[in-house]
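[1] kindly generate the corresponding structure for this input.
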Amino acid sequence: MNNPQPTQKSGHSLFFLCSYPKSGRTWLRFILANYLNQIFNLNLTLDFWTLFTLLPNGGSHPQKGLPVYKFAHKTDIPVIISSHGLWQDRFNKGKIIFLLRSPTDLLISYYCHLFYSMGVYHENIHNFIRDPEMGIAHLIVYLNQWSQHLDLNQTHILSYEQMQSNTEKNCNGNH
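    Next up, the predicted model:
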């Protein structure tokens, strides 16, 4: 698809939804997609695939990335691009929604995802936690790298636990 890409210069409000894997981003993204669908009367039938047409990942993935974004022509709809990556200069172009989760819960969920769902990790959870490329050390590197760039004027920090305790209050920014 050759959809024009949204930018702040094109009049869009630009946001980046950033988190470490298994922080609850899919849940938050589904909430945001339903909210935008309702507020802007988009009449989308949302599921965990079609939501990428409204809330894409950054990058060029043909089913989840910017090429499937369908609303570049509607500058009244905020653009919310998701990423699990480390901080990049492109994030300076918009505001950031940074999602956190308890490290213990996050690592257990990530392990279960990679071991049981994806079948790509084959060792026990103790080895996973100590794995420098996926375990606690990697999470610490990720959080330390991001912490240097979280300007509180441009960043809304939200936790999975906040969303779980009071979804409506914490997902609408009124707290």
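[2] what's next to the helix ranked longest in the chain, contact-wise?
    Ordering each helix of the chain by length in residues (DSSP state H) puts helix 25-39 first. Under the contact criterion C-beta atoms under 8 Å, 6 or more residues apart in numbering, helix 25-39 has outside partners 17, 19, 42-44, 46, 48, 51, 54-55, 77-78, 80, 82, 84, 97, 99, 158, 160, 163, 167, 171. In this view, the C-beta of every residue, glycine as well, is placed from N, C-alpha and C.
[3] so for that helix, what gets flagged as buried?
    Neighbour-count burial for helix 25-39 flags 25, 28, 29, 32, 33, 36, 37 (criterion: 16 or more other C-beta atoms under 10 Å).
[4] need the buried ones from the contacts of helix 25-39 selected in ChimeraX.
    Buried residues among the contacts of helix 25-39 (16+ other C-beta under 10 Å), as a ChimeraX selection:
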select :17,19,42,44,46,51,54,55,77,78,80,82,97,99,158,160,163,171
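[5] now the helices for this protein?
    According to DSSP H, the helices that the chain contains are 25-39, 103-112, 125-130, 136-147, 160-165, 167-171.
[6] with mean pLDDT added, can I get the ones you listed in TSV?
    Listed next are the helices of the chain as TSV, based on pLDDT from 0 to 100:
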stretch	mean pLDDT
helix 25-39	95
helix 103-112	97
helix 125-130	98
helix 136-147	97
helix 160-165	89
helix 167-171	66
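[7] go through these and name the closest to residue 154.
    helix 136-147 (12.8 Å; C-beta to C-beta).
[8] between that closest one and helix 103-112, how big is the angle?
    120 degrees (axes from the mean of the first three to the mean of the last three C-alpha atoms, to 10 degrees).
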